[in-house]
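Asker: Can you look at this prediction? I've put the sequence above it.
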Amino acid sequence: MSKKADKKKDLSKQLSKGSQIAFIGNGLSKVFSIGTKVIISRLMGPSGLGTFELVISLTRFASMTGQIGLHQTVVYYISHFRRNGEEDKIAAVIRSGFFVLGIVFTIVTLLMFLSRDQIKTVFFSNETPVIVITALTVMIVAFGLRNYLTMCYRGLKKITQEVFINQFAFYCIIVLSLGACYLIRSNITIHWLAILLIFSAVLSFSFSLPVLFTHLKTKISREEERTILKKMLIYGFPLWGNGFLNIGRAQLDRVMLGIFSNTSQIGFFAAGNTIAVILSFILDAFTPISQPLISEAYASSDFQQLNHIYRTLVRWGAIICIPLGGAFILFGEPLLAIIFGAEFSGAYLMLVFLVFGYTINVLAGPAGNMLIMTNHQRASLLSLLAGFIIAIGLHWFLIPVYQGVGAAVATGVSLAVTNVLRIFQVKHYLKISYEVATVVKISAGITASVLLVSYLRGFGIHLIFLAAIYTIMCLILLYFLVDIRSVRDNIQLIKKNK
């Protein structure tokens, strides 16, 4: 076997091995995240779910903004120094970045305290208790610092720790806490929900501290450490813009609904979004392992390796995401009623538009990470900026008229624009061609399947039988449309690495 073939096989092996952990961690995270929302929706209705989602959205937006790009910067620099065996510089990167963020989030806490009345007026109702704003403040700080430290684990290729702490711990704790609280009190008020949010955020943050404690000492001089920090800040500034726009776009819908609508509409939107975002599972699962690999391949000027990473993840994303998106469109309405309650079936139209956006997002593959990890942060920033501007404009005009449906349309369109631009940017800057043939063939086949099952539905066939028919059609189509040999090879690699 040639050296190039060996290298390609080793890369697939790393992707497969890391993806096992990421799949399990992200899968558990999705289960507990959905479980949290289901419990809250059942106990507190659309308004309670809307309040929870608004707090989470504001937390993610503010905590990501406060990280000033350092959460992505540490992955790049740790991967770089790790490749060169410079352990002392890795310690300098971790501790100096944490020190800067400690100062930033101290300022954030002060600003939140001073502006608590304004925050309550703009985003929440006047009846919202102050403890909700307190919970929001604590969560912003805890999420921001936790996310930075877990990204340090990612740079060190400690995927198990990164996935468990960043993806799984918070929702696991809050689900268990909600269950315990319900057993003790038999009902959950907004006050108790806020207390549980504070407890879960602080406890999940504490799990991330070992990576800091084990990298407190370094032999390099303070002058050299300051030089590294300066480089990190310079490198991270475009990433801060990327992070701000990325998380802003992701949370903008619920924030704008909080401004122009009410928490009940946020609750309906959250139900549809909870199901639609499952489509991004495949992309989320591979991000922890693909980021360091992309960074190392680029540092080695191995563009064939970059091409293999990108096209492999696009192919796997299409195989999983397109059939699943079709299933959500076919069976989304009864699915919403079964999971969240009969009143949430009204979120079906929101779900359809969100499925469109998230499908395009997955089909773009790791395009955003490819740009960021290969020193094309500004290009990624431009695509995010375009999508963000479109999202703001559409939210501004559509939400007052169409409420949650308007927010879903705005989100779907902005996701599509951002990711189509990223596909062209990856081709332009990295000379990597897109997996057009695979995506088009699967899309056409699944679209035909959806239309046929929709037609059969008119004959009154039970949903279980329709689901079985759709599943069989998808499997047959994938067998004939996809290169089964390449998929089988990757499955064999996964089995060997167990």
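Answerer: Thanks, I have it.
Asker: From residue 326, how far off is residue 142?
Answerer: For residue 142, the distance to residue 326 under the criterion CB to CB, to the nearest Å works out to 38 Å. Where C-beta positions appear, they are placed from N, C-alpha and C, glycine not excepted.
Asker: what's the answer for residue 447, then?
Answerer: Distance, residue 447 to residue 326, using CB to CB: 7 Å.
Asker: Who has more neighbours out of those two?
Answerer: Between residue 447 and residue 326, residue 326 has the larger neighbour count (other CB atoms under 10 Å), namely 24 against 13.
Asker: I figured that one was touching residue 449, is that so?
Answerer: Yes - with contacts defined as CB atoms under 8 Å, residue 326 counts as touching residue 449 at a distance of 6.4 Å.
Asker: what do these two both touch?
Answerer: Counting by CB atoms under 8 Å, 6 or more residues apart in numbering, the shared contacts of residue 326 and residue 449 are 470, 474.
Asker: Leaving out the residues flanking it, which one is nearest to residue 78?
Answerer: Spatially, and ignoring its direct neighbours in sequence, residue 78 is nearest to residue 155 (2.9 Å; CB to CB, 6 or more residues apart in numbering).
Asker: pLDDT value on that neighbour, please?
Answerer: In this prediction, residue 155 carries a pLDDT score of 83.
Asker: is it true that residue 204 touches residue 146?
Answerer: Yes - taking CB under 8 Å as the definition, residue 204 is a contact partner of residue 146 at 6.2 Å.
Asker: Mind listing the shared neighbours of those two?
Answerer: The overlap between the contact sets of residue 204 and residue 146 (CB under 8 Å, 6+ apart) consists of residue 165.
Asker: Just the CA coordinates for the helix or strand residue 212 falls within, please, in PDB.
Answerer: Using DSSP states H and E, residue 212 sits within helix 210-213. C-alpha atoms of helix 210-213 as PDB (Å, rounded to 0.1, in the frame of the first residue of the first chain):
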ATOM      1  CA  PRO A 210      -9.000  20.200  36.000                       C
ATOM      2  CA  VAL A 211      -7.600  21.200  32.600                       C
ATOM      3  CA  LEU A 212      -6.700  24.600  34.100                       C
ATOM      4  CA  PHE A 213      -5.300  23.200  37.400                       C
END
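Asker: residue boundaries of the helices in the stretch 151-300 of the chain?
Answerer: Along the stretch 151-300 of the chain, the segments classed as helices by DSSP state H, counting those that start in this stretch run 159-163, 170-185, 190-206, 210-213, 222-260, 263-276, 281-299.
Asker: Highest mean neighbour count out of these?
Answerer: Neighbour counts (mean count of other CB atoms under 10 Å) averaged over each of those peak at helix 263-276, with a mean of 27.
Asker: Which neighbouring elements make contact with it?
Answerer: Other helices and strands packing on helix 263-276, by 3 or more CB pairs under 8 Å, 6 or more residues apart in numbering; DSSP states H and E, are helix 3-66, helix 222-260, helix 303-340, helix 348-363, helix 377-430.
Asker: Just after the first one, pick out the following helix or strand.
Answerer: Using DSSP H and E, the helix or strand that directly follows helix 3-66 along the chain is helix 70-83.
Asker: Identify each buried residue in that next one, please.
Answerer: Applying a neighbour-count criterion of 16 or more other CB atoms under 10 Å, one finds 70-82 buried in helix 70-83.
Asker: Tell me what angle that helix forms with helix 377-430.
Answerer: Using axes from the mean of the first three to the mean of the last three CA atoms, to 10 degrees, the inter-axis angle of helix 70-83 relative to helix 377-430 is 50 degrees.
Asker: got the CA positions of helix 70-83 in CSV?
Answerer: What follows is helix 70-83 as a C-alpha-only set of coordinates in CSV (Å, rounded to 0.1, in the frame of the first residue of the first chain):
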residue,chain,number,x,y,z
LEU,A,70,-10.3,32.9,22.6
HIS,A,71,-12.4,29.7,22.7
GLN,A,72,-11.5,29.0,19.0
THR,A,73,-8.0,30.5,19.3
VAL,A,74,-6.9,27.9,22.0
VAL,A,75,-7.8,25.0,19.7
TYR,A,76,-5.5,26.4,17.0
TYR,A,77,-2.6,27.3,19.3
ILE,A,78,-2.8,24.2,21.4
SER,A,79,-2.9,22.0,18.3
HIS,A,80,0.1,23.9,16.9
PHE,A,81,2.2,23.7,20.0
ARG,A,82,1.2,20.1,20.7
ARG,A,83,2.4,19.1,17.2
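Asker: now it: how far from the chain's centre is it?
Answerer: Helix 70-83 has its average C-alpha position 20 Å from the chain's average C-alpha position, going by CA atoms, centre = their mean, to the nearest Å.
Asker: and if you look at stretch 245-261?
Answerer: Distance, stretch centre to chain centre, for stretch 245-261: 15 Å (CA atoms, centre = their mean).
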